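1. Give me a 3D structure for the following:
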Amino acid sequence: MSEKKRDKKEENAVAKQEPTYSERFTNMVTKEFGSTVGQMELTSYQKKLAQHLFIGIDTQLKALEAKRDPKRQSVAITWSNINMQKLAIDAVHRIELGLDALIPNHISPIPYLNSSTGKYDVDLRVGYVGKDCYRRRMATEEPVDIFYELVHETDQFEALKRSRDHEIESYVFKIQQPFDRGGVIG
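-> Got it, this is the predicted structure:
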């Protein structure tokens with residue numbers, strides 16, 4: 001083989017670089033969603049969120065597979081055993097909300113074995129930080145402030161539902177023992 005042909009083959013090999021796993025996941029999400037719901041085009045920001053979602057799911061799958069007891073769970077927790085059609089639809093919804101799986105408590109991927117399909121359905125559970133993020137973004141009027149408070153065992157917490165006695169929903173929160181509040185219960 002002549003040097004020119006060899007150089008040309010090497011150039012073609014370099015030009016045909018394989019996409020990364022996260023890029024393949026993003027393309028698969030777009031393809032799966034398009035085949036079931038309709039055609040869609042992701043922005044560059046949404047593609048980055050999809051790649052972050054892939055990293056989050058991949059990390060969770062690897063961690064759970066390492067802990068899996070083969071005697072109790074015969075189906076391996078790997079990408080080949082994931083219901084990709086359901087995951088693609090759920091992923092697009094989380095991406096459209098602008099949730100980032102690499103930010104703690106935005107999204108928690110939780111795989112459940114679906115006994116009827118023999119594959120894992122991945123629940124992309126939205127955490128409290130993710131809910132706060134998209135609720136602020138989607139609100140018709142921007143909220144003034146949002147408070148999060150942990151309720152401990154010794155605290156008194158009473159919810160006040162909206163009624164004729166209470167114009168808005170609220171609560172009464174009393175800390176009985178400020179220096180020894182006990183464990184978190186809510």
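2. which residue sits closest to the spatially most central residue of the chain in space, ignoring its chain neighbours?
-> Centroid-nearest residue in the chain: residue 107, 3.3 Å away (criterion: C-alpha atoms, centre = their mean). Leaving aside its sequence neighbours, residue 107 sits nearest to residue 101 (C-beta to C-beta, 6 or more residues apart in numbering; 4.5 Å). C-betas here are computed from N, CA, C, even on glycine.
3. residue contacts, that neighbour?
-> 49, 52, 53, 55, 56, 57, 94, 107, 109 (C-beta atoms under 8 Å, 6 or more residues apart in numbering).
4. so is residue 50 in a helix, a strand, or just coil?
-> Counting by DSSP: H, G, I helix; E, B strand; the rest coil, the backbone at residue 50 sits in helix.
5. Verify the stated contact: it with residue 43.
-> No. Using C-beta atoms under 8 Å, residue 50 makes no contact with residue 43, being 10.4 Å away.
6. Sketch out the strands for this structure, chain order is fine.
-> 107-114, 119-126, 156-160, 170-174 (DSSP state E).
7. okay, these in CSV with distance to residue 22 and mean pLDDT next?
-> Converted to CSV, the strands of the chain look like this (distance: least, C-beta to C-beta, whole Å; pLDDT from 0 to 100):
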stretch, distance to residue 22, mean pLDDT
strand 107-114, 14, 93
strand 119-126, 16, 94
strand 156-160, 42, 88
strand 170-174, 42, 88
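8. distance between the ends of stretch 93-103?
-> 17 Å (C-alpha to C-alpha, to the nearest Å).
9. From residue 54, how far off is residue 94?
-> 12 Å (C-beta to C-beta, to the nearest Å).
10. ok, the residue nearest to residue 130 when sequence neighbours are not counted - contacts?
-> If you skip the residues right next to it in sequence, residue 130 has residue 106 as its closest partner in space, 3.9 Å away by C-beta to C-beta, 6+ apart. With contacts defined as C-beta under 8 Å, 6+ apart, residue 106 is in contact with 99, 100, 126, 127, 129, 130, 133.
11. Would you list the buried entries among those?
-> Taking 16 or more other C-beta atoms under 10 Å as the criterion, what is buried in the contacts of residue 106 is 99, 100, 126, 130, 133.
12. can I assume residue 172 is in contact with residue 155?
-> No. If you go by C-beta under 8 Å, residue 172 and residue 155 don't touch, sitting 10.7 Å apart.
13. how many other residues sit next to the closest residue in space to residue 87 that isn't next to it in sequence?
-> In this structure, residue 87 finds its nearest non-sequential neighbour in residue 122, 5.0 Å apart by C-beta to C-beta, 6+ apart. Around residue 122 there are 21 other residues, counting by other C-beta atoms under 10 Å.
14. for the one 3 residues further on, same thing?
-> Neighbour count of residue 125, defined by other C-beta under 10 Å: 12.
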